[in-house]
Structures are given as structure tokens and as C-alpha cells.
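S.K.: How does the following fold in three dimensions:
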Amino acid sequence: PPPDVINFAGDAIICAWNCESDEQSLERTVKKAVKAIQAIHENIQNSSTVFLKVHTGIGLESGNLIWVGSGQTYQFFVTG
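M.R.: As a prediction, this is how the structure comes out:
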């Protein structure tokens with residue numbers, strides 16, 4: 001499945017992928033994250049005449065994805 005976009009933090013995008021905790025699932029999920037980061041980087045480089053530095057990070061940990069809200073207003077949080 002695609003990642004959930006958790007938040008926009010300034011010019012950053014924070015995403016979370018759900019996966020099982022076994023070694024193979026973690027490896028597959030990290031590969032998906034790396035591919036997504038590469039695609040974003042390529043898109044930025046192909047659509048901009050200005051050189052942009054792109055900083056990336058991948059963290060692995062267990063956590064909880066929480067939706068808070070009602071009606072049409074929701075916030076999405078990651079804890080862990």
C-alpha cells in the first residue's frame with residue numbers, strides 16, 4: 001500500500017508506511033520508501049531550473065497511527 005502523508009512540516013513531507021515487524025517486511029518497506037524518495041527527487045530536479053538541496057531520512061520503529069477529529073476536520077498523528 002502507499003504511504004500515509006502524516007504532515008507537511010514547512011517544506012518537508014512526513015510519511016508513514018505500515019508493515020509487519022519481520023526482517024523481510026521491514027526490508028521491503030524501506031525499499032519502497034527509498035523508491036518514493038528517489039521519485040520525488042527526480043521530479044524536483046526535472047521540473048525546476050533552480051538547484052534544490054534535498055535532505056532525507058528514514059526511521060524504523062513501532063508506533064501508532066491515530067486519527068483525531070470529527071465531521072470534516074481530522075488530524076493524523078504518529079506516536080511511538
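S.K.: so F76 sits right up against W67, yeah?
M.R.: Yes. With contact defined as CB atoms under 8 Å, F76 and W67 form a contacting pair (5.7 Å). Bear in mind the C-beta positions are built from the backbone N, C-alpha and C, glycine included.
S.K.: Those two - which one has more neighbours?
M.R.: Taking neighbours as other CB atoms under 10 Å, F76 and W67 compare with F76 leading, 15 against 8.
S.K.: That one: what secondary structure?
M.R.: Taking DSSP: H, G, I helix; E, B strand; the rest coil as the rule, one finds F76 in the strand state.
S.K.: Near A33, how many other residues are there?
M.R.: 19.
S.K.: After the helix or strand encompassing it, which helix or strand is next?
M.R.: Element membership for A33, per DSSP states H and E: helix 23-47. Later in the chain than helix 23-47, the nearest helix or strand by DSSP H and E is strand 64-70.
S.K.: And that next one, what does it pack against?
M.R.: strand 73-79 (3 or more CB pairs under 8 Å, 6 or more residues apart in numbering; DSSP states H and E).
S.K.: Could I get the pLDDT score of P3?
M.R.: Looking at P3, its pLDDT is 67.
S.K.: meant to ask about N7
M.R.: pLDDT, read off for N7, is 65.
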